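1. The sequence and its predicted three-dimensional model are supplied below.
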Amino acid sequence: MIAGIWEVTSRLSSLPDFMFPSLTQVLETLFKGLVSGQITEAIGKSLGRILIGFTIAIIVGLILGYFIWRFKLVEDTLGFVVTALQSIPSIVWFPLAIIWFGLNDFSILFIVTIGATWTMTVNATSGFRNVPQLYQRVAKTYGSTGFHFLRTVILPASVPQIISGLRIAWAFSWRALMAGELLGGGGGLGQLLEMGRSLGQMDLVISVMVIIAIIGTIVDNVVFSRLERSVQLKWGVNQR
């Protein structure tokens, strides 16, 4: 129904096609971009960047979350800083990234990583902190300590919160990536958006927006949903 309204409205509108393209025109541009490799190449660059940045953010976030939960001094110092940094939009770091690294892939990777790290840290800390004391006391009674205690008790019990953090962190890093590519270039879907804007090709802009929405939806509803199910099967964690 929405597609039909879009198509009819664009054809009846007095606006030129380059300002308000029809659904047919957008789909045609999308198909041509996929066949020619223009859009597929941009997708590959964007996914490569977010894979690196998001992985780094997960590792750093879990480590920082562990130390904040484990040590009171770290919680009183670094914990406060992380909470403050979380409120800063990741794109605000881009001018600093350009000064530090130059206008290149490192700048984009930096803001992608920053966009997810603080959210991951806060959620990991919350997950570790909310592990029931009963679980911890029982495990320690049976002699579980050190890494074994962390692996068999803390991590499984905090998985629901961590997965929630992953979802939110992914959304932040994905948005940061698009903003970074839009401003910094270097290929990717964000630069393709900027190219469509500068050339006045709204059909290209909307096509890229469709791809961005599809990728975001697939990752959230397929990747994280499967991760939740696999966690439930492995550790018997009920997230409902």
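-> Nice, I can see it. Residues are numbered from 1 along each chain as shown.

2. Where does S144 sit: helix, strand or coil?
-> coil (DSSP: H, G, I helix; E, B strand; the rest coil).

3. Contacts only, for it.
-> T152, V153 (CB atoms under 8 Å, 6 or more residues apart in numbering). Quick note: C-beta positions are derived from backbone N, CA and C, even for glycine.

4. quick one, phi/psi of it?
-> Per-residue torsions, S144: phi -80, psi 120 (degrees, to the nearest 10).

5. What is the burial count for S10?
-> 18 (other CB atoms under 10 Å).

6. Would you check that it makes contact with P21?
-> Yes. Contact criterion CB atoms under 8 Å: S10 and P21 qualify, at 6.5 Å.

7. show me where the protein has helices.
-> 2-12, 23-36, 38-70, 72-86, 94-101, 105-129, 133-141, 146-149, 155-184, 189-199, 202-218, 224-235 (DSSP state H).

8. Where does the prediction get shaky in this structure?
-> Applying pLDDT under 70 to the chain flags the ranges 6-7, 11-18, 232, 234-240.

9. Tell me the spacing between T125 and I114.
-> 17 Å (CB to CB, to the nearest Å).

10. Looking at the two now, which is surrounded by more residues?
-> Remark: of T125 and I114, T125 carries more neighbours, 27 against 24, as counted by other CB under 10 Å.

11. With adjacent residues omitted, what lies nearest to that one?
-> G65 (4.2 Å; CB to CB, 6 or more residues apart in numbering).

12. residues contacting that neighbour?
-> With contact set as CB under 8 Å, 6+ apart, G65 has these partners: M120, T121, V122, N123, A124, T125, G127, F128.

13. Centre-most residue in this structure?
-> What sits nearest the mean C-alpha location of the chain, by CA atoms, centre = their mean, is W170, with 2.0 Å.

14. D220 is in contact with that one, correct?
-> Yes. Counting by CB under 8 Å, D220 is a contact partner of W170 at 7.0 Å.

15. on that earlier part again, closest one of the contacts of G65 to F31?
-> Each of those was scored against F31 by CB to CB, and M120 proved nearest at 36.9 Å.

16. Was I right to think the closest one contacts A169?
-> Yes. Between M120 and A169 there is a contact under CB under 8 Å: 4.5 Å.

17. anything in contact with each of these two?
-> In contact with both M120 and A169: A57, I58, G61, using CB under 8 Å, 6+ apart.

18. Mind putting these into TSV with neighbour count?
-> Output for those, formatted as TSV (neighbours: other CB atoms under 10 Å):
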residue	neighbour count
A57	26
I58	21
G61	26
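
19. Distance of the closest residue to D220 other than its chain neighbours relative to S87?
-> Spatial nearest neighbour of D220, excluding adjacent residues (CB to CB, 6+ apart): R167 at 6.3 Å. R167 sits at a distance of 19 Å from S87 (criterion: CB to CB).

20. Among the two, which residue is more densely surrounded?
-> Per other CB under 10 Å, whichever of R167 and S87 has more neighbours is R167, with 18 against 7.

21. The more buried one and L192, how far apart?
-> R167 is 26 Å from L192, by CB to CB.
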